[in-house]
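In: My questions are about this predicted structure, shown below with the sequence.
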Protein chains: 2
Amino acid sequence: MELIDALPLNLKTNKDIEKFLSEDFQTKDFKKAELISKQDQYNRNVYFIKNGLVRSFYYENGKEITTKFYTEGNLMANTDTLFQNNPTRYNFEAIEESTVEFCNYAKLEELCAVSLESANFSRFVLGNIITQMTDRISTLQFHTAKEKYLRLIHENPNIILRAPLGMIASYLGISQETLSRIRSEI
Amino acid sequence: MELIDALPLNLKTNKDIEKFLSEDFQTKDFKKAELISKQDQYNRNVYFIKNGLVRSFYYENGKEITTKFYTEGNLMANTDTLFQNNPTRYNFEAIEESTVEFCNYAKLEELCAVSLESANFSRFVLGNIITQMTDRISTLQFHTAKEKYLRLIHENPNIILRAPLGMIASYLGISQETLSRIRSEI
DNA sequence: CGCCGAGTTGAACTGAATCAAGAAACGTGG
DNA sequence: CCACGTTTCTTGATTCAGTTCAACTCGGCG
């Protein structure tokens, strides 16, 4: 999937954005289990997943906590660095062999500072992220392990087939053993 | 608190935004327990809490689930309606007597369509919301009842003193009894 | 003064974590 | 292509945090 395919219709033909996509983005491949970005750094890249599967995670009490999965067509960035100027607490890791495109957020900011359509494109992207996060909060707030798993199947069946069980369990905030038991009884 | 006080410095003196704030916003008072906005409607207002305390909640299996508290200086909106064009599942309720300012999101969109600084202001607001939501997800994903409560005390001690226990418990995704026990042991 | 909603406390129950061990799948090198 | 070691997944037994249900206390308000 190409970045331009992920854009809303009215922005696909915008010349500022088109120029931006072709000039300012680099492509890179990552092997399975390779780290794309590491915690404690100021990484201001914005990544677009062209293909493959990536996760973000951090360590707490020595355990890996998976916070999100990113698949074809998703955008990925360290929002704690971009929006709060903190070194990020997250690692990005390729779960499958993956191809990503990326650019520095500063470039995007420069563009948004002069291009109205780009700024509105960026608003659109942020709005989508908020929608996804709202769903995720609602899943985590008041549901049983089984309900959370069923919701994930419904919203992102993809992940279930492609990510290892331990990472999925962590993403749902449950133990690996519990997830295994839930699977066996379905 | 006035809306203009909540803006980042560089936008306070912007004439587009200033005009917008003075012309397109209305003010309204709500009594304690009064509903500001109801579920199942297309309410495209964006609210700014001038003073007071408001919560959003929805019903699940007959129980009220509090999803967020809004205090002085916060912005509040039905993102499911704004970004996905769905009737909202949330109610907004004044917990204290509250004064809010509001405008229709369409007005803001109109402004963003022509004013670069407004679009970037909107981007800034959305970025802040994402930061908050990231924290909330991390709180809910893998923490005990006590940890969640302590984090809320740390991040928003305000709420603890002003909102009733049942609503706080629901916000944290725990039962009212558990929260009461946690309080007594601190 | 008595009611009513909000908060507290206790006891029993339960969903899920943890600990532990074994089975299956996976990939790497010979 | 097989053998081996490693990682991932499953299953069982036990424990524990948190829910539920129920009764009771407290403080405010008509």
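Out: Yep, that arrived.
In: separation between A:Ile130 and B:Glu110?
Out: For A:Ile130, the distance to B:Glu110 (CB to CB, to the nearest Å) stands at 21 Å. C-betas here are computed from N, CA, C, even on glycine.
In: Please say which of these two ends up with more neighbours.
Out: For A:Ile130 versus B:Glu110, the count of surrounding residues by other CB atoms under 10 Å in any protein chain shown is larger for A:Ile130: 18 against 14.
In: tell me which parts of chain A are close to DNA strand D?
Out: A:Pro164, A:Leu165, A:Gly166, A:Gln176, A:Glu177, A:Leu179, A:Ser180, A:Arg181, A:Arg183, A:Ser184 (CB under 7 Å from any atom of the strand).
In: Measure how buried the third one is and give me the count.
Out: Counted with other CB under 10 Å, the neighbours of A:Gly166 add up to 14.
In: which non-adjacent residue is nearest it?
Out: Residue nearest to A:Gly166 in three dimensions, not counting chain neighbours: A:Gln176, with 4.8 Å by CB to CB, 6 or more residues apart in numbering or on different chains.
In: Tell me, how many residues neighbour that neighbour?
Out: For A:Gln176, the neighbour count with other CB under 10 Å is 14.
In: That one: what's it in contact with?
Out: A:Leu165, A:Gly166, A:Ala169, A:Ser170 (CB atoms under 8 Å, 6 or more residues apart in numbering or on different chains).
In: repeat that for 10 Å
Out: A:Pro164, A:Leu165, A:Gly166, A:Met167, A:Ile168, A:Ala169, A:Ser170 (CB atoms under 10 Å, 6 or more residues apart in numbering or on different chains).
In: likewise A:Thr99?
Out: For A:Thr99, the contacting residues are A:Met1, A:Thr27, A:Lys28, A:Asp29, A:Phe30, A:Phe48, A:Ile49, A:Lys50, A:Asn51, A:Gly52, A:Glu72, taking CB under 10 Å, 6+ apart as the criterion.
In: Under the pLDDT cut-off, which ranges of chain A? List them.
Out: In the predicted model of chain A, residues A:1-14, A:16-17 satisfy pLDDT under 70.
In: Would you map the helices across chain A?
Out: Counting by DSSP state H, chain A has helices at residues A:9-12, A:15-23, A:79-84, A:105-114, A:116-141, A:145-155, A:157-162, A:165-172, A:176-184.
In: The second one vs chain B: in contact?
Out: By that I understand helix A:15-23. No: Helix A:15-23 does not reach chain B (CB under 10 Å from any CB of the partner chain); its nearest approach is 12.0 Å.
In: ok so, going back, buried subset of the contacts of A:Thr99?
Out: By neighbour count, with 16 or more other CB atoms under 10 Å in any protein chain shown, those hold A:Phe30, A:Phe48, A:Ile49, A:Lys50, A:Gly52, A:Glu72 as buried.
In: circling back to that earlier point, filter the contacts of A:Gln176 down to the buried ones and hand me the ChimeraX line.
Out: Applying 16+ other CB under 10 Å to these, the buried members can be selected in ChimeraX as follows:
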select /A:167,168,169,170
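In: how about the contacts of A:Gln176 in TSV, adding distance to A:Leu150?
Out: Below are the contacts of A:Gln176 laid out as TSV (distance: CB to CB, whole Å):
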residue	distance to A:Leu150
A:Pro164	19
A:Leu165	16
A:Gly166	19
A:Met167	18
A:Ile168	13
A:Ala169	14
A:Ser170	17
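In: from the contacts of A:Gln176, which is closest to chain B?
Out: Taking CB to the nearest CB as the measure, chain B sits nearest to A:Ser170 out of the contacts of A:Gln176, at 7.8 Å.
In: excluding its backbone neighbours, what's nearest the closest one?
Out: Leaving aside its sequence neighbours, A:Ser170 sits nearest to A:Thr66 (CB to CB, 6+ apart; 4.3 Å).
In: Let me see the contact set for that neighbour.
Out: A:55-58, A:93, A:95, A:163-164, A:166-173, B:141.
In: Also A:Phe92?
Out: Counting by CB under 10 Å, 6+ apart, A:Phe92 touches A:30, A:34-39, A:43, A:45, A:47, A:54-57, A:68, A:70, A:76-78, A:98, A:100.
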